[in-house]
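In: Sequence and predicted structure, then a few things I'm wondering about:
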Amino acid sequence: MVVNAPDVTHTIQDEVLLTHVDPEAGPSARPDDTLQEPPRKRKCKRTRQPEQRDDAYETLLSRETERAEMQIRLAKEQIQLCRLQQTETSLRIQLLKARLDDPAAFE
């Protein structure tokens, strides 16, 4: 397809818009190179008093501290479990070695 007028390409983030421009219409018919951004929503002003913000921060800090303490307890229990499993494995190895050395003793 042959087009007599040049095509103007505008890129908006991931979208590509092709606009047909009529050269005889003059510069006023060309699309505006600047795009208007949609109006931004204003964030609500904080209505909390400083004391309330401090209380919320203290509550959050308390919860995070409690969560961290629980994670520490869990990690300690996991370490203890690993040590017990290691002991169990070591005892099984000793038992297998003893069976190999004297199979008649285990019959």
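Out: Great, that's in hand. Residues are numbered from 1 along each chain as shown.
In: Number of residues surrounding the nearest residue in space to Phe106 that is not next to it in sequence?
Out: In this structure, Phe106 finds its nearest non-sequential neighbour in Arg99, 5.3 Å apart by C-beta to C-beta, 6 or more residues apart in numbering. (Glycine included, C-beta is placed from N, CA and C.) Per other C-beta atoms under 10 Å, the neighbour tally for Arg99 reads 12.
In: what separates Arg99 from Arg40, distance-wise?
Out: Remark: distance between Arg99 and Arg40 (C-beta to C-beta, to the nearest Å) = 77 Å.
In: next one: Glu64
Out: For Glu64, the distance to Arg40 (C-beta to C-beta) stands at 32 Å.
In: Show the average pLDDT along stretch 40-51.
Out: In this model, stretch 40-51 has a mean pLDDT of 69.
In: again with stretch 100-107
Out: In the prediction, stretch 100-107 has an average pLDDT of 87.
In: and that stretch, which residues are buried?
Out: Across stretch 100-107, burial judged by 16 or more other C-beta atoms under 10 Å covers no residue at all.
In: Can you give me the end-to-end span of it?
Out: End-to-end distance for stretch 100-107: 12 Å, by C-alpha to C-alpha, to the nearest Å.
In: Ok, stretch 95-107 next?
Out: 14 Å.
In: which residues in this protein form helices?
Out: Assigned by DSSP state H, the chain shows helices spanning 50-101.
In: All set, thanks.
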